[in-house]
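Enquirer: Sequence and predicted model, in that order:
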Amino acid sequence: MEEKETSLKDIVKNDYQEQTILDLNVPDNKIGIASDHRGYNLKQKLTKYLTKKGYTVIDYGCDDKTSHDYPKYGFKLGKAVRDGKVEKGIAICGSGIGISIACNKVSKVRCAKIDNIKEAKYTRKDNDANIMAINGNMPLIRAKDITDVFLKTPFSNETRHKNRIKMLDDYRE
C-alpha cells in the first residue's frame, strides 16, 4: 500500500481550533493577567483560552488558591502595563473592584471594572482603558465574551476622549 504524502498543513494541525497554524491570525501583543485567590480559577481558564487563541499571556500571580492580598498583584499588573511589558491587562478578584482600585494606583493605568460587553466596548472606545477588571465568580462564557470585546475594540482617537485621558494621566495630588 502506497503511503500518502503528508502536507505541511497536516503536520501543524492545531486540534483545539481545528485550523492549521498557517491559517491562524495570531495576535502579536502580550496580555498581562493577575488575580487574588478568589479569581485564581477564572484566571487559569482565561489564560488557557487566550493562549489557545494565540496571545502571549504573562501571569503576574497569584499562583494558588490560598489567601492572597489583591493589591500586590494589581500593582504588579499595573506596572507591567505602564512600563510596556504587556499591551493590556486582565485583573480578577472576588468582586473585581478591589483589584481595579489597586491597578488604578499606578500612573498611566486606566483600569475599568467591567460586567458586560457594552461596558467592555465603551471603556476601550471612549476611555482607552488598558486593564479590565472582572469578578472571579463570573461565568466563563461571559468572561470570554467580555475579554474578546475588550481586547479587540480599538480606541476611537476622538479629540474629546484624548483630552479627557490626558486630564486623567496628568492629575497629581
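Expert: Nice, I can see it. Bear in mind the structure is a predicted one, so any value in this text is a computation, not a measurement.

Enquirer: Need the three-state assignment for residue 34.
Expert: State at residue 34, reduced to three classes by DSSP: H, G, I helix; E, B strand; the rest coil: strand.

Enquirer: wait, doesn't it sit right on residue 74?
Expert: Yes: Residue 34 is within contact range of residue 74, at 6.5 Å (criterion: CB atoms under 8 Å). For the C-beta atoms, the positions are set from N, CA and C on the backbone; glycine is no exception.

Enquirer: Next, show the common contact partners of these two.
Expert: 91, 99 (CB atoms under 8 Å, 6 or more residues apart in numbering).

Enquirer: What residues does the most centrally placed residue in the chain make contact with?
Expert: Centroid-nearest residue in the chain, with CA atoms, centre = their mean: residue 90, separated by 3.6 Å. By CB under 8 Å, 6+ apart, the contact list for residue 90 reads 31-34, 43, 46, 131-134, 147, 150.

Enquirer: Just send the residues you listed back as a markdown table, with secondary structure, distance to residue 121 and pLDDT too.
Expert: Conversion of the contacts of residue 90 to a markdown table gives the following (DSSP: H, G, I helix; E, B strand; the rest coil; distance: CB to CB, whole Å; pLDDT from 0 to 100):
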| residue | secondary structure | distance to residue 121 | pLDDT |
| --- | --- | --- | --- |
| 31 | strand | 18 | 97 |
| 32 | strand | 21 | 98 |
| 33 | strand | 20 | 98 |
| 34 | strand | 23 | 98 |
| 43 | helix | 22 | 98 |
| 46 | helix | 18 | 98 |
| 131 | strand | 16 | 98 |
| 132 | strand | 11 | 98 |
| 133 | strand | 16 | 98 |
| 134 | strand | 15 | 98 |
| 147 | helix | 12 | 98 |
| 150 | helix | 8 | 97 |
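
Enquirer: Now do the residue nearest to residue 117 when sequence neighbours are not counted: how many residues are near it, please.
Expert: Distances taken as CB to CB, 6 or more residues apart in numbering place residue 149 nearest to residue 117, at 5.0 Å, with adjacent residues excluded. Counted with other CB atoms under 10 Å, the burial measure for residue 149 works out to 20 neighbours.
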